[in-house]
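Participant: I'll drop the sequence and a predicted model, then ask my questions.
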Amino acid sequence: MVMWVFGYGSLIWKAGFDYDDRVVGFIKGYRRSTDHRGTPEYPGRTVTLEPAEGEVCWGVAYKVSKKEDKETALTYLEVREKQYDKKAYLDFFTEPMAASPAVSGVMVYIASPDKKLNKNYLGPASLEEIAKQIIHAEGPSGPNRDYLFQLEKALLELGCKDTHVIEVANEVRRIVSELS
């Protein structure tokens, strides 16, 4: 049986596992939300999904067919995505006007906003607060702003203008330029 994995954050540009196909598309009923990346002293932010009626979230779906590739990918993803405490299996679309999905049952990692289940959840904040957290945060994967700018670039390369990501990136640039 084939496994499909949906990437809406760093998985877009850095899968980290072998796959047979990479398809650009979206899931319905969710939008990108800023979550975390950093250290306990300076928690940063990455993205997760939050339910949002009428919204879509663009990204990529990876098709993994071989048994050993699926096992390796799952083992890798369970470590990489460990802060995401939920998995969902959703419909994946490639055409905005399509009535039926291109693929059903695409696996998606989601971090819940429940602090008991997700100790890294930072919660909602103003655009300026989010930008300041991103500027100061750096973790094992590097500076949080690098993640943000890479996500913005990857989404634009897919032809997706995610307003939230662009606004946060622009606010980070504004604050950094004022600090220089």
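Facilitator: Yep, that arrived.

Participant: how about the strands of the protein, start to end?
Facilitator: 3-7, 21-34, 47-64, 86-92, 103-110, 138-139, 142-143 (DSSP state E).

Participant: of all these, which one is nearest Lys161?
Facilitator: Lys161 lies closest to strand 47-64 among the strands of the chain, at 9.3 Å (C-beta to C-beta). Glycine gets a C-beta too; all of them are placed from N, C-alpha and C.

Participant: partners of that closest one in the sheet?
Facilitator: Strand pairing for strand 47-64, determined by DSSP bridges: strand 3-7 (antiparallel), strand 21-34 (antiparallel).

Participant: in CSV: those strands, plus mean neighbour count, mean pLDDT and distance to Ala125.
Facilitator: Listed next are those as CSV, based on neighbours: other C-beta atoms under 10 Å; pLDDT from 0 to 100; distance: least, C-beta to C-beta, whole Å:
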stretch, mean neighbour count, mean pLDDT, distance to Ala125
strand 3-7, 22, 98, 24
strand 21-34, 19, 92, 8
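
Participant: mind checking which of the ones you listed is nearest Val108?
Facilitator: strand 3-7 (4.6 Å).

Participant: adjacent strands (with direction) for the helix or strand of the chain with the lowest mean pLDDT?
Facilitator: Every helix and strand of the chain was ranked by mean pLDDT, DSSP states H and E. The lowest is strand 138-139, at a mean of 86. Sheet pairing of strand 138-139 (DSSP bridges) gives strand 142-143 (antiparallel).

Participant: so how far is the least confident helix or strand of the chain from its chain's centroid?
Facilitator: Relative to the centre of its chain, strand 138-139 is centred 17 Å away, using C-alpha atoms, centre = their mean, to the nearest Å.
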